[in-house]
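Asker: Model the structure of this input:
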Amino acid sequence: MISINVYNKYNNEETKEFETINFNETKFVNNFEETLNTYIIKNELSPTGFRNFRIISDEVYSQTVRVRGQIVHEVVKQELFIAYSKELANEGNFVQGSLITLCRKDDSFKVKNTFEARFNVEYEQYKFDVLRIIEASADVRNANFDVNIETVNGVSMRGTRVHNTQYYEQMLRNGDLKAVMVNYDMPEKTVTFRVSVEGNLLLYSSLSDYEILELVEILINLQE
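Answerer: Presented below is the predicted three-dimensional model:
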């Protein structure tokens, strides 16, 4: 399972190529001044024009452990995050300069904020057209709604082709659709993912990075 987030450039300034950089900051961890390093490493360009970046970052976590006989409450771990930046424009709706992160949502925001701060760009979360994705899907297995019915504030529908039921139509009229889980036919295989109206994509199927980029482009091109 992998979390995918897409960020479009907020302005129309010319897209600049990002380069490999590293930087550090000092922070007190367990009452000791630590140097925390971050590396943004530029890698290969995909056939469809996405530049791969690996972000290696020292992250501080609250965790109680024993080190050399002493109890400490914070640890520093080196984390690896994967991101892709759209360098080359091509046909379709994908915006040149967009950023795709392949990591947990919280980590995705860290990557986005790091790119904004270090490369002087601004991003905004891309929100997929969930209704068009539903129309194009082979099956809708789950749908979540925010509702306001007496003491009920949320409804989840599970099954097969739930979007073809009268109950789904009723919920669509009376509530706010929040997310769906679908089976989607790609050219080579069928994949399962959850997509929310906030823009987060949670992929349950096993795909290579390039196949993930292909899926994201397919879903974005559904939007007119």
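Asker: Could you list the buried residues of the lowest-mean-pLDDT helix or strand in the chain?
Answerer: Lowest on mean pLDDT, DSSP states H and E among the helices and strands of the chain sits strand 152-158, with a mean of 79. Neighbour-count burial for strand 152-158 flags 155, 157 (criterion: 16 or more other C-beta atoms under 10 Å). (Glycine included, C-beta is placed from N, CA and C.)
Asker: May I have the phi/psi pair for the residue nearest to residue 10 when sequence neighbours are not counted?
Answerer: Leaving aside its sequence neighbours, residue 10 sits nearest to residue 122 (C-beta to C-beta, 6 or more residues apart in numbering; 3.7 Å). Reported as degrees, to the nearest 10, the phi and psi values for residue 122 are phi -130, psi 140.
Asker: In this structure residue 122 contacts residue 116, no?
Answerer: Yes - here residue 122 reaches residue 116: they are 6.0 Å apart, a contact under C-beta atoms under 8 Å.
Asker: Any buried residues in the next helix-or-strand element following the least confident helix or strand of the chain, and which?
Answerer: Toward the C-terminus, strand 152-158 is succeeded by helix 166-174 as the next helix or strand (DSSP states H and E). Buried positions in helix 166-174, judged by neighbour count with 16+ other C-beta under 10 Å: 168, 171.
Asker: the inter-axis angle of helix 166-174 versus strand 152-158?
Answerer: For helix 166-174 against strand 152-158, the angle by axes from the mean of the first three to the mean of the last three C-alpha atoms, to 10 degrees is 140 degrees.
Asker: Tell me which residues are up against helix 166-174.
Answerer: Residues from elsewhere that reach helix 166-174 (C-beta atoms under 8 Å, 6 or more residues apart in numbering): 143, 145, 147, 149, 155, 157, 162, 177.
Asker: Using PDB, list the CA coordinates for that helix.
Answerer: C-alpha atoms of helix 166-174 as PDB (Å, rounded to 0.1, in the frame of the first residue of the first chain):
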ATOM      1  CA  GLN A 166     -30.500   3.700  -5.100                       C
ATOM      2  CA  TYR A 167     -28.900   4.200  -1.600                       C
ATOM      3  CA  TYR A 168     -25.800   5.600  -3.200                       C
ATOM      4  CA  GLU A 169     -27.900   8.100  -5.200                       C
ATOM      5  CA  GLN A 170     -29.700   9.100  -2.000                       C
ATOM      6  CA  MET A 171     -26.500   9.600  -0.100                       C
ATOM      7  CA  LEU A 172     -25.000  11.600  -3.000                       C
ATOM      8  CA  ARG A 173     -28.100  13.900  -2.800                       C
ATOM      9  CA  ASN A 174     -28.100  14.200   1.000                       C
END
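Asker: secondary structure element for the nearest residue to residue 189 once chain neighbours are set aside?
Answerer: Among residues not flanking residue 189 along the chain, residue 205 sits closest, at 7.5 Å (C-beta to C-beta, 6+ apart). Under the criterion of DSSP H and E, residue 205 resides outside all helices and strands.
Asker: so where's the protein shaky on pLDDT?
Answerer: Applying pLDDT under 70 to the chain flags residues 11-15, 90-93, 149-150, 152, 175, 224.
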